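Chemist: Predicted model and sequence below, questions to follow.
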Amino acid sequence: MGGKAGGIFGVIVALVLVAALAATPFYLGLLQSPERALDARVEADAERVRRAVATLDHELAALSAMYASVPNGDFDRDAAYRFAAEHPGIFPKSFMTEINKLVDYLEDFEARDRQRGTTVIGKGTINRIGGTGVKAENVVRDVQPLLKGHEEILRKADAAINTLRSATAGDLSAANHLDANRVRAVYYLIKARIEADKAAFEHDQAALLLAAAQDRATALGDMKSTLSSLDATDPAPRIADAEQVIASTKSELDRLRQMQQQLAGAIQARESELERLRNEADFARGEVERLTQQNLPFDQFMRRYGELSDTVRVAEARVAALQFGTLRDAAEIPQETVDPVPPQYEGGTPEPGLEMLKFRARQLDEHIASVSGMLELHEKQLSSLRELEEKMAQERSGISEALQTHAAELKRVTDEAAERLGKATKCEDAALKFLKDASAAARSGIGAAKKRAGDAAAAARSGEKVDERLQRVSQDVEAEAYLHTLAGQALFEAAQLRFLRIQAEQNQVAAAAYIARLIGGESPAATDDIETLRTDALNDLSEAQKALDQVATLVGRINVRFADNTSASGKNYVWQAQIGKAACHMLHSALVADDADASFAQQEMAYNTLKEAVENREQSPLLAPALDALVYLQKNVR
């Protein structure tokens, strides 16, 4: 909205500038000798500034400043433009979108001009990026002489302004001289626009850098999320658990193998004992057979036979016990029946036989094999976890290095953006200073214009006959109206600059908050007092409207009669001040956009003012921006 308001208001100075400056020499002969001496002092420098004002192009100055901003001036423009044409992807999508929107706007603007019957200068001059047309590097090459000539004009104009500022004649100073203040006001306005354009360029560069910084921050946020995921799935705890399980399994396996060895020893001992007992029984049975072949006395035979039989019976009983187990130290329960029943025992300690020991050994072997398999599985899992840990460590290391690289690049980009914003602020401060000087010069000129009219009226009254020239000077209000216009323009542009600074500050804070949210840290506060900027801008607009009210009043009083007996009424040109007031209302609306009711009220006042201004003037090309604004307000306000 600020840009639209500036476009509407800009028509005022353009229309009045040439006529007001050209009319100045008419008054030089009307002054007394001290004034004439001062006129002679300021005439040459004022004329030099006039010619500079007619030649200066603040956009060329901005282009020169843009090239000068390249470090060490090391910038091959031709190569840069060719590279940009060959690599369209280097431009952010948002930038390309805005450029194409601008082209759409310009095409629509031309189409509406044709529909209104307005003469369109040039033909087919709008080309989209990537389309056919004049090569950009050729345009830049051709504009170099213009830039150098423009810089020379600026240097000469600056020197002339410095001389003009210090010019004196007796007690009179150029500080109160009408012509000097008029050209100073116009020149300071142009200088302010040059600084404002520089600030806009720096803001654009900062916006591109902040967009790149936000992309970097997004990448950093993604990397941090990946690191968090890696930390959440860190295999270290599972590795520790696996190592503990493996250690426990190994300990259990060692215990089982020790049991296996002990059981194997017991089985071997039983088998050796069994072999000994069987041998002993076999030997006793052999002795019994041999005993029958001996001719021993009966009693001796029976005694020996009994001994050998006992040996065989004890050995076989012991073999059975060792083979199938027994109940050691058990007491047999006496039988109360004469029927044959299996013996029953009480007490004693079960002692497993060899068969049971071998069965337990087989079970133990199977258990050891199972535990060994589990151990092998755990070790494979541990190996996989360690491989995963190593892979994740490498990935984490790579991400950490990338984080450092991106963080360093993010800092570089944000620092450069901050530097650009700092330069923009300095340019804006310089522009505001020039606008303040322009307003002061215009107000001094207003005082000089009133004094000139008063002096002419006094001189006319003191003469014996009517002096038509003195009468015209005493009744002239054009110079004063023009100076009020310059004052209003300076105040409006100051408000507009402050509004743009508010927007830039809010965008910077929003970008910084986005970055802080993604990478951590506190969101920064605004460096400028936005409310102070807003208040100052609203005060500027209030003063600008007062100046425009003066313009409307003064212009409405003008009635010029020409040599052919035709006349022109200033009332037909009050629309210029009305458009300026509408621009003030629209900018006011943007400044208080947070207050919907107040913003709407300002837009409604802008609409009504524009409607009155353009009435019966719809075909005028000078009112094309006003008509566009009116259509916008019809769609969005009414």
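Modeler: Arrived safely, thanks for sending. Residues are numbered from 1 along each chain as shown.
Chemist: how about the strands in the chain?
Modeler: Shown for the chain, the strands assigned by DSSP state E span residues 168-169, 172-173, 326-328, 331-333, 344-346, 349-351, 559-561, 567-569.
Chemist: And the helices in the stretch 501-638 of the chain?
Modeler: For the stretch 501-638 of the chain, the helices defined by DSSP state H, counting those that start in this stretch cover 530-556, 575-591, 596-614, 624-636.
Chemist: least reliable of the ones you listed going by mean pLDDT?
Modeler: When those are ranked by mean pLDDT, helix 624-636 comes last with a mean of 63.
Chemist: Surely residue 273 touches residue 322?
Modeler: Yes - under the criterion of Cβ atoms under 8 Å, residue 273 makes contact with residue 322 at 5.9 Å. Placement of C-beta: from N, CA and C, glycine included.
Chemist: Regarding the protein, what is its longest helix?
Modeler: With secondary structure taken from DSSP state H, the chain has its longest helix at helix 354-462.
Chemist: what packs against that helix?
Modeler: helix 178-232, helix 236-292, helix 298-324, helix 468-475, helix 478-519 (3 or more Cβ pairs under 8 Å, 6 or more residues apart in numbering; DSSP states H and E).
Chemist: Deepest in the core, which of those helices is it.
Modeler: Greatest average neighbour count among these goes to helix 478-519 (a mean of 23), per mean count of other Cβ atoms under 10 Å.
Chemist: can you give me the offset of it from its chain's centre?
Modeler: Relative to its parent chain, helix 478-519 has a centroid offset of 21 Å by Cα atoms, centre = their mean, to the nearest Å.
Chemist: Number the residues from 16 up from this point.
Modeler: Taking 16 as the first residue, the last one we looked at is helix 493-534.
Chemist: packing partners for it?
Modeler: Helix 493-534 makes packing contacts with helix 17-24, helix 26-37, helix 193-247, helix 369-477, helix 545-571, helix 590-606 when contacts are defined by 3+ Cβ pairs under 8 Å, 6+ apart.
Chemist: Out of those, flag the one nearest residue 130.
Modeler: Distance to residue 130, taken as Cβ to Cβ, is lowest for helix 17-24 among the helices and strands packed on helix 493-534, at 19.3 Å.
Chemist: Averaged pLDDT, the closest one. What do you get?
Modeler: Mean pLDDT, computed over helix 17-24, is 37.
Chemist: got any ranges where the stretch 16-165 of the chain has weak pLDDT?
Modeler: Counting by pLDDT under 70, the stretch 16-165 of the chain has low-confidence residues at 16-111, 128-129, 131-159, 165.
Chemist: List the buried residues of stretch 584-595.
Modeler: The neighbour-count check on stretch 584-595 (16 or more other Cβ atoms under 10 Å) flags 585, 588, 589, 590, 591, 592, 593, 594, 595 as buried.
Chemist: Return the distance of the longest helix of the chain from the chain's centre.
Modeler: Its chain's average C-alpha position is 9 Å from that of helix 369-477, according to Cα atoms, centre = their mean.
Chemist: thinking again about what came up before, output the strands of the chain in a markdown table, with mean pLDDT and distance to residue 495 appended to each entry.
Modeler: As requested, the strands of the chain are arranged in a markdown table below (pLDDT from 0 to 100; distance: least, Cβ to Cβ, whole Å):
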| stretch | mean pLDDT | distance to residue 495 |
| --- | --- | --- |
| strand 183-184 | 65 | 23 |
| strand 187-188 | 64 | 20 |
| strand 341-343 | 78 | 137 |
| strand 346-348 | 74 | 143 |
| strand 359-361 | 75 | 139 |
| strand 364-366 | 82 | 131 |
| strand 574-576 | 73 | 15 |
| strand 582-584 | 75 | 18 |
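Chemist: among those strands, which is nearest residue 201?
Modeler: Ranking the strands of the chain by distance to residue 201, with Cβ to Cβ as the measure, places strand 187-188 first at 19.4 Å.
Chemist: quick one on the thing from earlier: residues in contact with both of residue 288 and residue 337, list them for me.
Modeler: Overlap of the contact sets of residue 288 and residue 337 (by Cβ atoms under 8 Å, 6 or more residues apart in numbering) is empty.
Chemist: middle-most residue in the protein, spatially?
Modeler: residue 229 (3.1 Å; Cα atoms, centre = their mean).
Chemist: ok, now which ones touch it?
Modeler: Residue 229 is in contact with 526, 529, 530, counting by Cβ under 8 Å, 6+ apart.
Chemist: Residue 380 now?
Modeler: Contacts were defined as Cβ under 8 Å, 6+ apart; by that measure residue 380 touches residue 275.
Chemist: Next one, pLDDT for it please.
Modeler: You'll see residue 380 listed with a pLDDT of 92.
Chemist: Next: the one 10 residues further on.
Modeler: Turning to residue 390, the model gives it a pLDDT of 90.
Chemist: ok, now how distant is it from residue 404?
Modeler: Distance, residue 390 to residue 404, by Cβ to Cβ, to the nearest Å: 21 Å.
Chemist: Kindly state the distance between the middle of stretch 220-237 and the middle of its chain.
Modeler: With Cα atoms, centre = their mean as the basis, the distance from the averaged C-alpha position of stretch 220-237 to the chain average is 5 Å.
Chemist: swap that for stretch 598-618, please
Modeler: Here the centre of mass of C-alpha atoms in stretch 598-618, compared against the chain's by Cα atoms, centre = their mean, lies 28 Å away.
Chemist: From one end of that stretch to the other, what's the distance?
Modeler: According to Cα to Cα, to the nearest Å, stretch 598-618 extends 10 Å from its N-terminal end residue to its C-terminal end residue.
Chemist: Now do the buried residues in it.
Modeler: The neighbour-count check on stretch 598-618 (16+ other Cβ under 10 Å) flags 598-607, 614, 617-618 as buried.
Chemist: and which of those residues is nearest residue 210?
Modeler: Checking these against residue 210 by Cβ to Cβ gives residue 602 as the nearest, at 19.1 Å.
Chemist: Verify the stated contact: the closest one with residue 512.
Modeler: No - contact status for residue 602 versus residue 512: not in contact, 10.8 Å apart, counting by Cβ under 8 Å.
Chemist: excluding its backbone neighbours, what's nearest residue 363?
Modeler: Of all residues not flanking residue 363 in the chain, residue 345 sits nearest, at 2.7 Å (Cβ to Cβ, 6 or more residues apart in numbering).
Chemist: next one: residue 560
Modeler: Counting by Cβ to Cβ, 6+ apart, the nearest residue to residue 560 once its immediate chain neighbours are dropped is residue 599, at 5.1 Å.
Chemist: so that neighbour makes contact with residue 559?
Modeler: Yes - between residue 599 and residue 559 there is a contact at 5.5 Å, judged by Cβ under 8 Å.
Chemist: Common neighbours of these two, please.
Modeler: Joint contacts of residue 599 and residue 559 (Cβ under 8 Å, 6+ apart) are 507, 510.
Chemist: Can you check which of the helices and strands packed on helix 493-534 gets nearest to residue 307?
Modeler: When the helices and strands packed on helix 493-534 are ranked by proximity to residue 307, the top entry is helix 369-477, at 33.2 Å, counting by Cβ to Cβ.
Chemist: quick one, that closest one and helix 483-490 angle?
Modeler: Calculated by axes from the mean of the first three to the mean of the last three Cα atoms, to 10 degrees, helix 369-477 forms an angle of 140 degrees with helix 483-490.
Chemist: who touches the closest residue to residue 373 other than its chain neighbours in this structure?
Modeler: Nearest in space to residue 373, with sequence neighbours left out and distances taken as Cβ to Cβ, 6+ apart, is residue 282 at 6.2 Å. Taking Cβ under 8 Å, 6+ apart, we find residue 282 in contact with 369, 372, 373, 376.
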